[in-house]
Structure formats: structure tokens, C-alpha cells
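Asker: sequence and predicted structure below; questions after.
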Amino acid sequence: MIQIYRVLNKVALWPAVVLVMLLAQPPVYADANENYDVKAHYDKAEYSIPMRDGKKMFTAVYRPKDRSKDYPILLFRTPYSIKAYGDDFPPVMRMAPSVDFLKSGYIIVLQDLRGTYKSEGDFKVIRSIRDNKDDPVAIDASTDNYDTIEWLLHNIEGNNGKVGQWGISYPGWTTVMGMVDAHPALVASSPQASPSDMFVGDDWHHNGAFRLMYSFSWMNFAARKRDDLTTELAKPFDYGTPWGYEFFLNAGPTSELNEKYFGGAIPAWNDFIDHPNYDKFWKDQVALPHMKNINHSILNVAGWFDAEDFYGPISIYNEIEKTTPGNKSTLVVGPWRHGGWLTMDGSYLGDIQFGSKTSEYYQKNIVFPFFEYNLKGKGDWNPAEAIVFETGNNEWHRFDQWPPKASKVKNLYFQEGGKLSFNKPADKSKKAFDKYVNDPAKPVPFSTEIITAPGHDWMIEDQRQVSTRPDVLTYRTDV
């Protein structure tokens, strides 16, 4: 049975969907291989790498102690802090897509994004691609990526001249930006759960609907103005209640939240207020118009149940297919929430079981072979157009085109009496409608959990209780 709830003109489907965070908060990396002694196999050095405008980006470089051969560079750029400064080393799962990379040998490069933590410059939440590419000192995330690679190739000994990059969520977006006007040495990129359009389908807005709790949480963590370079993470916000629903119900107008709770320290909050519609401000940030001539190897990763950034990876893949004939782009979609292919073993989500450790399969059979082949020429990477996991039957499939040739589009139709059907309504002469009363003082909760964070599992929760509300319309198919 398929059941649809229509809530305040926004449609959501249950139960075939799920959850969580990106730009919400940095992924909580699972450290399943913490017994691997990185310090025993790697040396660390820190650098401040100059960009074309003179600003310097703080960068940690981890080189294999074995100097008998050259290694490719694996680049990761983040606004969430590289998490280990000085003599400290980060957890294994903050260094690479899996521990196999560290065991195989890569030059691991982690960089604080411009304007964050120990990197100079100003942080802009989503920095548009520069207007004038002829200006030698004009910068954006693409130029910072290019300049970083250029410096690394000339200053880090023992590299083999090949560079790969990866990232999940916001670091996935920086990966996408690095694909634009890419450095010639960049031969493999894996953007994972990257946003592409922050109004139409990713993070802040889903089809234009503003996600208040999510945006508030992320802005507090990642977008506060800083007084100087720092290694300190933002302090958690004190909501004064364990229930975010209660907090925001009593918080007052959205336009006043920046001053009231952040003391005006988050300028980007005002962008939500000043640009409530899909205007030039949002359109200038969209990554898709720049997905042209992407000719190096791409592994684009998405989760079926990613509540933050499912639109982004699919749209980026589609745009590359449309604009770059003969591209080397592969789409991977698994049964994961946001970043779950790294943070969970992928065998379940909530009460849903997938029959195997899908994240381990992805790490060992997809992402590791992808980089090994492209950066080292090792192994047998025979990329399919799309590698996707089918829930229910719990099987991985490889397709030579996406969507698959055998797929068919079916429409669902609202019917009288709360019915839902694949058949069009029989009587087309009626101008049928259902109605409800919307009371803004009693909004519909998005989750059954008592939480203040954006949450991880609200899209797979049993939310039948909302069907008892007078402002929620429920439609059901037959079994």
C-alpha cells in the first residue's frame, strides 16, 4: 500500500524514503578501523598554501613513510575543520573514503576551506563561480582548488603527478567546484551528496520550502563570523528545551532570529530573509550551469534516503550526461541516509533491513577500485553507467544507462474519499478538491522525535499519527 500525506501544499511519500544532514552538520564519521595505526605508517606536515589573491589556505599533508615509490594525491577540502592540528592525527574515517586507501598508500591532503578555522580570507556559505575569469586575482572555490593542486604538485615530494578529490555534503560541493575548469592533474573526482541548487532541491529549501530547524542548526555551527584564525569549533546552541518544535514555535519571527539568538553574528541568515524567492541571488549559486567539459573520471554518490542532498547528485549526473558527450561519469545510489556510506555499515536504516553491509560493499567494490585504477592504474575498474541498490529485493544492479531502459513512469492520481490510484479519476467533469484549515500557530511537526537537531530518521519514521490532524490530508492506494 502507498500512503500519501498532503501537508500544507507539500507532498511527501511514505514509506519509501528517509533522512538527514549535510550542510546540516559535519558528518559524524564512524571509525570502524581505529585499530589501524596511521602514525606508524604516515608522516604529517602542515602548510599555508598561497592562493592567487595572496590569501593562504591551511593544509595538512600526510605522506606514507615508505619512500620507495611515488603516490597520488587525494584531496579533501572542508569548512568543518580538518579536525587535527599540530602533532595530532584525525580519525581514520576523516582522512579517506575507507581505511583501504591508507593501507594502499596515498598522499592524503586535508584543507580548511577559505575563511574557516586556520585558513585566511572570508567564508561565504555558497560562493558563486567568479564572473570575470580573465581577472588574474578573482577567486572562487574552483580557483582555490586549482591553486592548491598546483602548489602540491611542485612542493610535495614523492607524488606521481596525479590527483583525486572527494568529499561528502559540503565537501562534496567543494569537489564539484574543483571539477569546474579542472587542473590538468586532476584525473578522478568523487562528489558525494553534493548540493547543486540550494533553493530548488537541496538543504535550505526543498522545492522552495524553507527548512527552518535545519538551517538554524547549520548556520550556528558553520556560518558564524570569526574574529581571527582558530582551531575551536562553534559551541552548541542552548535551545533551553529538548524539543525543537517548542523552541521555534516560541522563537518569534524568522527575520529576527539572527539578532535575537546570534547577536547578528551570522550575516548569511539575512540572505534567507532578503531572498525568499528563487531570484538571481540563488540562481547565481547553482552549480549546474558550470557542469560543462567535465572530461575526467567522476564517481557521483547518492543515498536513496538522503533528506538533504538527493536532488544534487542526480542533477549533477544528469547535467554532465547532457553537456559532455563521451564523459566518464558513473552514478552510485545506495540505501543510505546522508553520508551513511561512510558513517554506517549500511545493513539497515531504522527498522528497514537491507540484507548485507551495503556500505562495506561500496567501499571495497566501488569507491576504492575507482581511485586505485584512475590514480595508480591498478585493478580492473569497469564502470557501469549506474550502480544502484534495489531495496526490497536487496540487490545491487549495474546499468548501461540511467534511468534503466526497462523503467516506466507511472502517475498516481488523487481520488475522492481519500483514495489514491494509478488510474485517472473516472468522472473528469468534476472539479474535485479537498480542503483543510491551516493554523500557523499549530504547525505540523516533521518528526516524532523530541530533538533540537535536524534529525536523521524522520523520513522513515511511522508518522501515521499526523493523519489524525485536521490540517493533514491522507490518501491511500489499495493493497
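Answerer: Structure received. Numbers count the residues shown, from 1 in each chain.

Asker: lowest confidence element among the helices and strands of the protein?
Answerer: The helix or strand of the chain with the poorest confidence is strand 10-14; it has a mean of 34 (mean pLDDT, DSSP states H and E).

Asker: buried residues in stretch 97-115?
Answerer: 97-102, 104-115 (16 or more other CB atoms under 10 Å). Using the backbone N, CA and C atoms, a C-beta is placed for each residue, glycine as well.

Asker: gap between that stretch and the chain center?
Answerer: Put simply, stretch 97-115 sits 18 Å off its chain's centre (CA atoms, centre = their mean, to the nearest Å).

Asker: pull it out as CSV, backbone CA atoms only.
Answerer: Output of stretch 97-115 as CSV, limited to C-alpha atoms (Å, rounded to 0.1, in the frame of the first residue of the first chain):
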residue,chain,number,x,y,z
PRO,A,97,36.7,7.2,1.9
SER,A,98,37.9,4.0,3.6
VAL,A,99,40.9,2.6,5.5
ASP,A,100,41.9,0.7,2.3
PHE,A,101,43.2,4.0,0.9
LEU,A,102,45.6,4.4,3.9
LYS,A,103,46.8,0.8,3.7
SER,A,104,47.3,1.1,-0.1
GLY,A,105,49.3,4.3,0.2
TYR,A,106,48.1,7.8,-0.8
ILE,A,107,49.3,11.3,-0.1
ILE,A,108,46.4,12.5,2.0
VAL,A,109,45.7,16.2,1.9
LEU,A,110,43.2,17.9,4.2
GLN,A,111,42.5,21.6,3.9
ASP,A,112,40.4,24.2,5.8
LEU,A,113,38.2,26.0,3.3
ARG,A,114,38.8,29.7,2.7
GLY,A,115,37.7,31.8,5.7
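
Asker: what does the model give the closest residue to Asp122 other than its chain neighbours for pLDDT?
Answerer: Leaving out its chain neighbours, the residue that sits closest to Asp122 by CB to CB, 6 or more residues apart in numbering is Gly115, at 4.6 Å. pLDDT, Gly115: 97.

Asker: hang on, Gly115 in a helix?
Answerer: No. Applying DSSP: H, G, I helix; E, B strand; the rest coil, one finds Gly115 to be coil, outside a helix.

Asker: so who does it touch?
Answerer: Gly115 sits next to 121-124, 226 when contact means CB atoms under 8 Å, 6 or more residues apart in numbering.

Asker: show the average pLDDT along stretch 201-217.
Answerer: For stretch 201-217, the per-residue pLDDT averages 93.

Asker: for stretch 164-172, same thing?
Answerer: 98.

Asker: pull the CA atoms of it into PDB?
Answerer: Only the C-alpha atoms of stretch 164-172 are listed here, as PDB (Å, rounded to 0.1, in the frame of the first residue of the first chain):
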ATOM      1  CA  GLY A 164      42.000  12.700  -7.000                       C
ATOM      2  CA  GLN A 165      39.500  14.600  -4.800                       C
ATOM      3  CA  TRP A 166      36.400  13.600  -2.800                       C
ATOM      4  CA  GLY A 167      34.000  14.900  -0.200                       C
ATOM      5  CA  ILE A 168      30.600  14.300   1.300                       C
ATOM      6  CA  SER A 169      28.000  17.000   1.700                       C
ATOM      7  CA  TYR A 170      29.600  20.500   1.700                       C
ATOM      8  CA  PRO A 171      33.000  18.900   0.900                       C
ATOM      9  CA  GLY A 172      31.100  17.200  -1.900                       C
END
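
Asker: how far away from the center of its chain is that stretch?
Answerer: 8 Å.

Asker: what does stretch 446-456 give?
Answerer: Using CA atoms, centre = their mean, the offset of stretch 446-456 from its chain centre is 19 Å.

Asker: list the buried residues of it.
Answerer: 446-447, 449, 451-456.

Asker: and the longest helix for this structure?
Answerer: Longest among the helix segments of the chain by residue count, using DSSP state H, is helix 141-155.

Asker: avg pLDDT for that helix?
Answerer: Averaging pLDDT along helix 141-155 yields 98.

Asker: and if you look at stretch 413-431?
Answerer: The average pLDDT within stretch 413-431 is 87.

Asker: if we can go back for a sec, and the buried residues of stretch 97-115, which of them are in strands?
Answerer: Counting by DSSP state E, the buried residues of stretch 97-115 place 107-112 in strands.

Asker: ok, which pair from the residues you listed is furthest apart?
Answerer: Using CB to CB, those reach their maximum pairwise distance at Ile107 and Asp112, which is 17.8 Å.

Asker: so where does the spatially most distant residue from the centre of the chain fall, helix or strand?
Answerer: In the chain, Ser429 marks the outermost C-alpha relative to the chain mean, sitting 45.2 Å out by CA atoms, centre = their mean. Under the criterion of DSSP states H and E, Ser429 resides outside all helices and strands.

Asker: distance check, it against Trp458.
Answerer: 40 Å (CB to CB, to the nearest Å).

Asker: so Lys44 sits right up against Val61, yeah?
Answerer: Yes. Applying CB atoms under 8 Å as the test, Lys44 and Val61 come out as touching, 7.1 Å apart.
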